[in-house]
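> Mind looking at a prediction? Sequence and model below.
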Amino acid sequence: MEKPELAAVVFLIVLTMVFQARSNGVFLNLQNLQGMLGLLPEVALVAVGVTLLMICGEFDLSVGSVFALTPMVMGVLLADGWSFALAFPAGLVAALLAGLVNGALTVRFSIPSFITTLGMLFVARSLTVVISGGFPPIIAADAMPRWLFTAFVGPGDLFRMSFIWFLLIAALIGLMLSRTNFGNWVRATGGFLPAAQSMGIPTGRVKIACFMICSLLAGFAGTLQVMRLGAPLPSIGEGLELQAVAAAVIGGTALTGGVGTILGGIVGAILIRVIDNGLVLSRVDANWFKMALGALTVFAVIMNAWLRAKAKGMKVETQK
Amino acid sequence: MTGPIIKVRNLHKWYSGVHALKGISLDIHPNEALGLVGDNGAGKSTLINILSGTQRPDEGEITYEGRQVHFRGPRDAMEAGIETIYQYNSMVPTMSIARNMFIGREPLKASVFGLGIMDQARMRADSVQAIADVDLHLRSPDALVGELSGGQRQGVAIARAMHFKSKVMILDEPTNHLAVKETQKVIGFVKSLKDLGITGVFVSHNMHHVFECCDRIVAMARGEIVLDRRVKDTSLEEILTVL
């Protein structure tokens, strides 16, 4: 199917209309949009990375932990007196290393990435707590250039800077996947590994690169959250890995690899935020959020399978 | 007649103690259609994998167009002009025909260190041309390969090999899992290679298919070549007794 994100887009429109009506118009007002768009980049960036990796045929359960480890490395170094220009890249290097280890172990020992990244989930979380000593490091208020990452911008202060970063990065990854030869290799590697190998694609290196991009985006997303909150808590990002997978899957990415779009992952992430926010505004007990998320995930996949079968049927008919 | 296009001498391959190729020597001549037959485990696939660069021999040498070669990967073999079409299919079902045609050899508009922007218009146009050249009729280069029949997929793989001007085409069990009509089409492709000046190596279990489209038959058993004859000088019975 050429538009795997179609079902998610339909859900998004329907849910937006429902929540807009149920909340008496509060859902789409400026203040609420501002709140939603401020939080969106953090989970959406993780979803973009996870979607790319899933298209490449692999899986990353460690993004939630890398989301915490990256800003913690930066925070500890900042508290130690390092400048932001050094501490920020150091954090991202830690994220890249986590991705490199995930990828290299998965490729070198031909083991499921589910296992390697499950290991990294614990390892990176543990490292985060250990280097922090259990308490968030104290960071001076002016140590981080918030104007560059989290300040409000745009008409009516609708966006934060993080949203601009997210748009740029998502566009870049989306174009990389659809327009470059590297994108072609990612799809081939995830779509049918033996064929990619027989055509001489360096599939091991392609996978490792995707693991590293995925970790880097998770780390950057975590750093954005810490700049928004002002302090790196060791517990941030817990459970995020599964939300990111849910976003990718809702957006039409196949668990088996090869199928999916970056836009789909983003729409999936928006849907999750919309449900979270919309339920509250509709005065539904917030504890129903996970119920809704779970139901949507399964339902979206069933819808996608059904649409695919439908599309196939239509094509067969026109061929006759 | 000019010398062999591929000359294999004393090729050995071991797999953790198993001696899969026991000193194979073989000449493949330009423009011939060679049928390679043998039972499972006879060493056909190992020989093919070595010729196509996916595996390396433990001993022995390969001469290609008069020069000794050491393929380090499938890319080396493809660049030299040896293209392999595998039984499990060398296409990615979840990708379009145009994207499949150019996997690993995408035409780029601009690039840095080999990575860059694909020229998708050219990929589409060239795919349409290449597919038409092998007399295959498909709706659009944007159709997914997964929507094609098994025979059409093999056709696209062959079109790809022709587009990249390969000199030797190795077809590893290309007729497996195909319907009767489709099989005939693939055999037709193999027969047409000769007119295009392409050397064909046709690997198959199915003796009838080999007899139908090859000039010469090489039979392998237990890692050795046990028979090497012109098709007209041998018979099905003779091959079955040596295997």
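All right, it came through fine.
> what's the spacing between residue A:168 and chain B?
Using CB to the nearest CB, to the nearest Å, residue A:168 is found at 18 Å from chain B. The C-beta positions use only the backbone N, C-alpha and C, and glycine is treated the same way.
> Compute the distance between residue B:200 and residue B:38, please.
Distance, residue B:200 to residue B:38, by CB to CB, to the nearest Å: 17 Å.
> Contact residues of chain B facing chain A?
By CB under 8 Å from any CB of the partner chain, the residues of chain B that approach chain A are B:52-54, B:73-75, B:78, B:84, B:86, B:88-95, B:99, B:102-106, B:108, B:111, B:114-118, B:120, B:139, B:142, B:144, B:147.
> I'd like to know which of these are buried.
B:52-54, B:74-75, B:78, B:84, B:86, B:89-95, B:99, B:102-106, B:108, B:116-118, B:120, B:144, B:147 (16 or more other CB atoms under 10 Å in any protein chain shown).
> Cross-reference these with the strands and report the matches.
Under the assignment DSSP state E, those contribute B:84, B:108, B:116, B:117, B:118 to strands.
> farthest pair in those residues?
In those, two members sit farther apart than any others by CB to CB. They are B:84 and B:117, at 28.5 Å.
> which intervals of chain B have sub-threshold pLDDT?
For chain B, applying pLDDT under 70 flags the ranges B:1, B:88.
> Can you give me the distance of residue B:132 to chain A?
18 Å.
> So what's the residue count around residue B:188?
14 (other CB atoms under 10 Å in any protein chain shown).
> Which strands and helices lie in contact with whatever helix or strand it lives in?
Per DSSP states H and E, residue B:188 falls inside helix B:180-193. Helix B:180-193 sits against strand B:33-38, helix B:150-163, strand B:168-172, strand B:199-203, helix B:207-213, with contacts defined as 3 or more CB pairs under 8 Å, 6 or more residues apart in numbering or on different chains; DSSP states H and E.
> quick one: it to chain centroid distance?
Relative to the chain's own centre, helix B:180-193 is displaced by 14 Å; criterion: CA atoms, centre = their mean, to the nearest Å.
> contact partners of that helix?
Residues outside helix B:180-193 that contact it (CB atoms under 8 Å, 6 or more residues apart in numbering or on different chains) are B:33, B:134, B:149-152, B:154-155, B:158, B:169, B:171, B:174-175, B:178, B:199-200, B:202, B:209, B:212-214.
> Put the buried members of the residues you listed into a PyMOL selection.
To isolate the buried members of the contacts of helix B:180-193 in PyMOL, using 16+ other CB under 10 Å:
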select buried, chain B and resi 33+134+150+151+152+154+155+158+169+171+174+175+178+199+200+202+209+212+213+214
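> Spell out which residues of chain A are next to chain B.
Counting by CB under 8 Å from any CB, chain A sits next to chain B at A:2, A:179-182, A:184-185, A:187-188, A:191-192, A:194-201, A:258-259, A:312, A:315, A:319.
> what's near enough to touch the residue positioned nearest the centre of chain B?
Centroid-nearest residue in chain B, with CA atoms, centre = their mean: residue B:170, separated by 1.8 Å. Shown in contact with residue B:170 (CB under 8 Å, 6+ apart): B:48, B:51, B:52, B:82, B:83, B:84, B:85, B:200, B:201, B:203.
> So the third one sits against residue B:76, correct?
No. With contact defined as CB atoms under 8 Å, residue B:52 and residue B:76 do not form a contacting pair (9.7 Å).
> residue ranges of the strands in the stretch 51-200 of chain A, please?
A:152-153, A:159-160 (DSSP state E, counting those that start in this stretch).
> Let me know which of those strands is tucked in deepest.
Mean neighbour count, computed with mean count of other CB atoms under 10 Å in any protein chain shown, is highest for strand A:159-160 among the strands of the stretch 51-200 of chain A, reaching a mean of 23.
> Could you list the residues in contact with it?
Here strand A:159-160 has contacts from A:34, A:37, A:38, A:41, A:149, A:150, A:151, A:152, A:153, A:228, using CB under 8 Å, 6+ apart.
> Partner strands of it and their direction?
In the sheet, strand A:159-160 lines up against strand A:152-153 (antiparallel) (DSSP bridges).
> What's the mean pLDDT across the partner strand?
In this model, strand A:152-153 has an average pLDDT of 88.
> Just give me how far that strand sits from the chain centre.
With CA atoms, centre = their mean, you get 22 Å for strand A:152-153.
> what pairs with the residue nearest to the centre of chain B across the strands?
Residue B:170 has these beta-bridge partners by DSSP bridges: residue B:84, residue B:201.
> Buried residues, the helix holding residue B:188. List them.
Buried-residue list, helix B:180-193, by 16+ other CB under 10 Å: B:182, B:183, B:185, B:186, B:187, B:189, B:190, B:192, B:193.
> any chance of these in CSV, with distance to residue A:123 too?
Formatted as CSV, these follow (distance: CB to CB, whole Å):
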residue, distance to residue A:123
B:182, 51
B:183, 53
B:185, 54
B:186, 51
B:187, 56
B:189, 53
B:190, 54
B:192, 57
B:193, 55
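> List the contacts of the helix or strand harbouring residue B:237.
Using DSSP H and E, residue B:237 maps to helix B:236-242. The set of residues external to helix B:236-242 that reach it, using CB under 8 Å, 6+ apart, is B:37, B:207, B:208, B:211, B:217, B:219, B:221, B:226, B:227, B:229.
> Just give the number of residues close to the closest residue to the second one other than its chain neighbours.
Nearest non-adjacent residue to residue B:207, counting by CB to CB, 6 or more residues apart in numbering or on different chains: residue B:236, 5.4 Å away. Around residue B:236 sit 11 other residues, with neighbours defined as other CB under 10 Å.
> next one: residue A:39
17.
> Averaged pLDDT, whichever strand or helix holds it. What do you get?
Assigned by DSSP H and E, residue A:39 falls within helix A:30-55. The average of the pLDDT scores along helix A:30-55 is 94.
> ditto for stretch A:188-199
93.
> List the buried residues for that stretch?
Going by 16+ other CB under 10 Å, stretch A:188-199 has these buried residues: A:188, A:189, A:190, A:191, A:192, A:193, A:195, A:196, A:197, A:198, A:199.
> Skipping adjacent residues, who's closest to residue 108 in space?
Picked chain A for this. Excluding the flanking residues, the one nearest residue A:108 by CB to CB, 6+ apart is residue A:204, at 8.0 Å.
> wrong one, I was asking about chain B
residue B:116 (4.1 Å).
> was I right about that neighbour contacting residue A:183?
No. In this structure, residue B:116 is not within contact of residue A:183 by CB under 8 Å, at 10.8 Å.
> Mind jotting down where the helices sit in the stretch 1-150 of chain A?
Here the stretch 1-150 of chain A has its helices, by DSSP state H, counting those that start in this stretch, at A:6-22, A:30-55, A:63-79, A:84-108, A:113-132, A:146-149.
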